[in-house]
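What follows is a protein structure lacking sequence information:
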């Protein structure tokens, strides 16, 4: 099952980093999609004091943020995980958030024509379906983070 | 007393404060004349005002009693061009909002033309008068550095979720948050042309102050339905304009 975390404000890099680190530490969270407006072009040319974008570290791996965090989709398997996620969100999102679970899928589970055009006839592993943004390259937008053993 | 706006809530009181020309608005920040000119972007600071007609004194105008009654504003006297400033107010407890702006501008300023849209509010006036009124609008309660945008173009964003630091979405990124000082700075003029030096607008107001100063009824702030008096007046206006002069009892 998928759930959606909908913060009442768009999260910056620092909060995103803290939040994702804690979410990743949950055993039951399989996949995470960050959804939101893209950082503007030319962000890198701005003076440091105005910049919002930076490389964040999740579970020891560097992740280049492509978007500001407006929603987070999480794939989980147990209902009980939702409570844990809620606790984590309460800790990091002081201005409120919603956890939505109205839809059965927030992350797409079926292959589409776009996937076919993009990857050809190659077998696309199930866990990568729905992880990409159809307007960008795969490497830009997907980061595979190993779980701690 | 002039009846400006009905209601017993704080929001209604704030609306009355804005609209009542006798009420003096709090001055929250200091912005120099030169910075105002830079933000407006209609001319370079220090440049002469361009004119579209000779000064009124030099013009041979026809005799007219209304011309004698109404004193022209400074800009009209000098023959300035008409320029504008446009504001965008976030739905998230911005101090002002478009309709209120229109009402209050008309009761506070002379010689202006203002246009209301759902998310933005433009005001036009002769250039030197515009600069004066812009200074008032930027320095007083009308303006919050985070929730209000000065946007001549690319106005989208009043209904979008705020950024974590409280800033309203701005696709041209004119007002940006300086992480080092905690102040909002204007790095572009109102239509998005880069400024040589950023104009420091100041710190955003905190959430509590904004909620106390806002003129927006919101279900998570003060709900309109809870302001019984305001709703009653609104309903009365609705009924009387629906009926017009029609009397349902007599049938005519």
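It's in. Quantities reported herein were computed from a predicted structural model and do not represent experimental measurements. Numbering: from 1, shown residues only, chains lettered A, B, ... in the order given.

So which residues of the stretch 101-250 of chain B form strands?
Along the stretch 101-250 of chain B, counting by DSSP state E, counting those that start in this stretch, strands occupy B:113-116, B:120-126, B:148-150, B:175-177, B:184-188, B:194-202.

So which of those is the most surrounded?
strand B:148-150 (a mean of 27; mean count of other Cβ atoms under 10 Å in any protein chain shown). All C-beta spots, glycine's among them, are computed from the backbone N, C-alpha and C.

contacting residues around the closest residue to residue B:192 other than its chain neighbours?
What sits nearest to residue B:192 in space, not counting adjacent residues and going by Cβ to Cβ, 6 or more residues apart in numbering or on different chains, is residue B:172, at 4.0 Å. When contacts are counted by Cβ atoms under 8 Å, 6 or more residues apart in numbering or on different chains, residue B:172 is found next to B:151, B:153, B:154, B:188, B:192.

excluding its backbone neighbours, what's nearest the third one?
For residue B:154, the nearest residue in space outside its immediate sequence neighbours is residue B:172; the separation is 4.5 Å by Cβ to Cβ, 6+ apart.

now swap in the first one and tell me
The spatially closest residue to residue B:151, leaving aside those adjacent along the chain, is residue B:88, at 5.0 Å (Cβ to Cβ, 6+ apart).

The one you found sits in which helix or strand?
strand B:82-89 (DSSP states H and E).

Measure how that strand sits relative to strand B:120-126, angle-wise.
160 degrees (axes from the mean of the first three to the mean of the last three Cα atoms, to 10 degrees).

Could you list the residues of chain A in contact with chain B?
A:7-12, A:15, A:37, A:40, A:46, A:49-50, A:68, A:70, A:95 (Cβ under 8 Å from any Cβ of the partner chain).

in the lowest-mean-pLDDT helix or strand in chain A, what counts as buried?
Among the helices and strands of chain A, helix A:138-141 carries the lowest confidence by mean pLDDT, DSSP states H and E, at a mean of 72. For helix A:138-141, the neighbour count (16 or more other Cβ atoms under 10 Å in any protein chain shown) marks residue A:141 as buried.

What parts of the stretch 151-252 of chain B come near chain A?
B:161-166, B:169, B:171, B:173, B:176-181, B:185, B:187.

Extract the residue ranges of chain A that are flagged as low pLDDT.
Along chain A, segments meeting pLDDT under 70 span A:134, A:148-149.

what do you get for the stretch 151-252 of chain B?
In the stretch 151-252 of chain B (pLDDT under 70), the answer is B:252.

which residue ranges form the helices in it?
Along the stretch 151-252 of chain B, the stretches classed as helices by DSSP state H, counting those that start in this stretch are B:207-213, B:228-243.

Chain A now?
A:13-24, A:80-92, A:113-119, A:138-141 (DSSP state H).

most tightly surrounded among those helices?
With a mean of 19, the top stretch among those by mean neighbour count (mean count of other Cβ under 10 Å) is helix A:13-24.

Check the offset of it from the chain's centre.
Here helix A:13-24 is found 10 Å from its chain centre; the criterion is Cα atoms, centre = their mean, to the nearest Å.

Return the angle between stretch directions for that helix and helix A:80-92.
150 degrees.

Helix A:13-24 packs against which elements?
strand A:31-35, strand A:55-58, strand A:71-75, helix A:80-92 (3 or more Cβ pairs under 8 Å, 6 or more residues apart in numbering or on different chains; DSSP states H and E).

Which of the helices of chain A sits closest to residue B:41?
Closest to residue B:41 of the helices of chain A is helix A:13-24 (Cβ to Cβ; 31.1 Å).

List the contacts of stretch B:11-27.
B:2, B:4-7, B:95-96, B:100, B:103-104, B:107-108, B:136, B:139-142, B:213-217, B:221-222, B:227, B:229-230.

now the end-to-end length of that stretch.
With Cα to Cα, to the nearest Å as the measure, the ends of stretch B:11-27 fall 19 Å from one another.

which parts of it are buried?
Result for stretch B:11-27 [16+ other Cβ under 10 Å]: buried residues B:11, B:12, B:14, B:15, B:16, B:17, B:18, B:19, B:20, B:25.

Check stretch B:153-172 too.
Under the neighbour-count criterion of 16+ other Cβ under 10 Å, stretch B:153-172 has B:154-155, B:157-158, B:160-164, B:166-170, B:172 buried.

got the contact list for the closest residue in space to residue A:71 that isn't next to it in sequence?
Setting aside the residues directly before and after it, residue A:71 is nearest to residue A:35 in space (Cβ to Cβ, 6+ apart), at 4.3 Å. Neighbouring residues of residue A:35 by Cβ under 8 Å, 6+ apart: A:67, A:69, A:70, A:71, A:72, A:73.

Look up how far chain B lies from the residue nearest to residue A:131 when sequence neighbours are not counted.
Among residues not flanking residue A:131 along the chain, residue A:142 sits closest, at 5.1 Å (Cβ to Cβ, 6+ apart). For residue A:142, the distance to chain B (Cβ to the nearest Cβ, to the nearest Å) stands at 25 Å.

Surely residue A:142 touches residue A:133?
No - using Cβ atoms under 8 Å as the test, residue A:142 is too far from residue A:133 to be in contact (9.2 Å).

Find residues that contact each of those two.
By Cβ under 8 Å, 6+ apart, no residue touches both residue A:142 and residue A:133.
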